[in-house]
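Engineer: just a sequence and a predicted model for now, questions to come.
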Amino acid sequence: MQGQKIPATVITGFLGSGKTTMIRNLLENANGKRIALIINEFGDLGVDGGLFKGCGIENCRDEDVIELNNGCICCTVADDFIPTMMKLLAREDRPDHIVIETSGLALPQPLVAAFNWPEIKTQVTVDGVVTVIDAAAVAEGRFADDHDKVDAQRIADEALDHESPLEELFEDQIHAADLIVLNKSDLLDADALEQVKQDVSARSSRKTNMVAASFGNLGADVLLGLGVGSEDDIVNRKSHHEQHHESGDDHEHSHDEFESFVAEAGQVADAKAFVEKLTDIIREHDILRLKGFAEVSDKPMRLVIQAVGTRIEYYFDRPWADGEPRGSKLVVIGLHDIDENAIRQSIEQAA
C-alpha cells in the first residue's frame, strides 16, 4: 500500500526565504512528473499562485495550482486543507506528486500531522518536509528584520524572558524539516556559510541534512524522492506550542502578533523610482515582507515585486492578459503595531 501512495512534499520557510522561486525551478526540472501545487498565503491577495497560473511551464496546468487564502494553513487544517486534499484525490487524473507551499508564518507540524487523518493516510504520504532559509539574512542576524530589536528588549527587561514569536516560528520550521535549503548562499563566502550551518543546527535537537542553493536552483532529484514518511515521525517534531502545552504553560499559537493587508497604488510611472520609494517605506515602517504586482505606464508586461526587509527584487514576468484586472497591489506583512493607514498612503503616493 505504501508504494501506491501519492508522495507529498511540504515546503516551508520564513517570509522571503525564496520558496516560490525554488518551486518554479522544481517545476521546470520535474523530469516529466505532473505536480499539483497547494499554495497557502498569509493575506488576501494570492501573489504566489498568480506567479504559477499561466506560467507556461509544461507540467504546471492552471487546474493543478490550488490557492488557500482563508488563513494560515496550520490553523485551518480541518476547514480548508483536508477538503482540498479530498477533492484533489477524487480526480481521475491524479498527480504524480503533490507540493504544498506553506505561508511564511505557518507551523509545519499541524500540517504534517493532518496526513494521519484516515481519509488521507491511505492515499498520500509525506515524502519530506523541506525548510527554505534565507542564509544571507541569518548570517546578518536577520531571519526577521525586527529580531535584533525584539531580542534587545528581551535582554534589557527581565520580565520579557520569553522568545519572540518570530524566533519560535523560525525554530519550529527548522525542527520539522527533513531537508534544509540554505538559499541565497551566493551572497556568502565559505566561512560565513559554515557559520550559518552551525547556527541553524543549534536550533533543533534533530540532525537534518542541509544543502546550499542560489536562487532556489534545485531540481526534482534533490527535493523529491526523500521517502521519509514524515507523518509517522510527528512525535519527534513537536513545536514550541506543543511543548508549552505539554508542560502546562498557557501558550497559544496565534498570528495576532502579525498584521497583513493589501495596499493599492494604481499605475506606476517609473518602476525603478517606485522600488526606491518602497525601500524607504519598508525601512521607515519596519515592514517584514512586501510582495505583489504593479502596472507600469506604457509597459505591456506585469511587474513583480518581492521584498524581504529592504532587499527588493523586481522584474517583468509576463504580459497582462486580456480582461485581467490591472493596477498595482502589494501585500504588506509586519508586526501588529505597524501603521496601516500611513503605509497605504505612502505606497499610493510612491506611484
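Structural biologist: Received, thanks.
Engineer: show me where the stretch 51-200 of the chain has its strands.
Structural biologist: 65-68, 97-101, 124-134, 179-183 (DSSP state E, counting those that start in this stretch).
Engineer: give me the helices and strands touching the last one, please.
Structural biologist: Meaning strand 179-183. If contacts are counted by 3 or more CB pairs under 8 Å, 6 or more residues apart in numbering; DSSP states H and E, strand 179-183 sits against strand 124-134, helix 190-201, strand 209-212. For the C-beta atoms, the positions are set from N, CA and C on the backbone; glycine is no exception.
Engineer: repeat for the second one
Structural biologist: With contacts defined as 3+ CB pairs under 8 Å, 6+ apart, the packing partners of strand 97-101 are strand 6-13, helix 19-28, strand 35-40.
Engineer: any chance of TSV for these, columns mean neighbour count and distance to residue 112?
Structural biologist: TSV is the format used below for the helices and strands packed on strand 97-101 (neighbours: other CB atoms under 10 Å; distance: least, CB to CB, whole Å):
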stretch	mean neighbour count	distance to residue 112
strand 6-13	25	6
helix 19-28	21	16
strand 35-40	25	14
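Engineer: between the ones you listed, which one is nearest to residue 296?
Structural biologist: helix 19-28 (21.3 Å; CB to CB).
Engineer: tell me the mean pLDDT over that closest one?
Structural biologist: Mean pLDDT, helix 19-28: 87.
Engineer: before we move on, what about stretch 112-128?
Structural biologist: Averaging pLDDT along stretch 112-128 gives 90.
Engineer: among the helices and strands packed on strand 97-101, which is nearest residue 319?
Structural biologist: Here helix 19-28 is closest among the helices and strands packed on strand 97-101 (CB to CB), at 18.0 Å.
Engineer: tell me what angle the closest one forms with strand 97-101.
Structural biologist: Angle of helix 19-28 versus strand 97-101, following axes from the mean of the first three to the mean of the last three CA atoms, to 10 degrees, is 160 degrees.
Engineer: thought residue 261 was touching residue 330, still the case?
Structural biologist: No. Under the criterion of CB atoms under 8 Å, residue 330 is not in contact with residue 261, lying 9.5 Å apart.
Engineer: the two: which is more packed in?
Structural biologist: residue 330 (26 against 16; other CB atoms under 10 Å).
Engineer: convert the host helix or strand of that one to CSV, retaining C-alpha atoms only.
Structural biologist: In this assignment (DSSP states H and E), residue 330 forms part of strand 329-335. Extracted C-alpha coordinates of strand 329-335, given in CSV (Å, rounded to 0.1, in the frame of the first residue of the first chain):
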residue,chain,number,x,y,z
LYS,A,329,-1.5,45.7,-5.5
LEU,A,330,1.0,44.8,-2.8
VAL,A,331,0.7,42.6,0.2
VAL,A,332,2.3,44.1,3.3
ILE,A,333,3.2,42.0,6.3
GLY,A,334,4.6,43.3,9.6
LEU,A,335,4.2,43.1,13.3
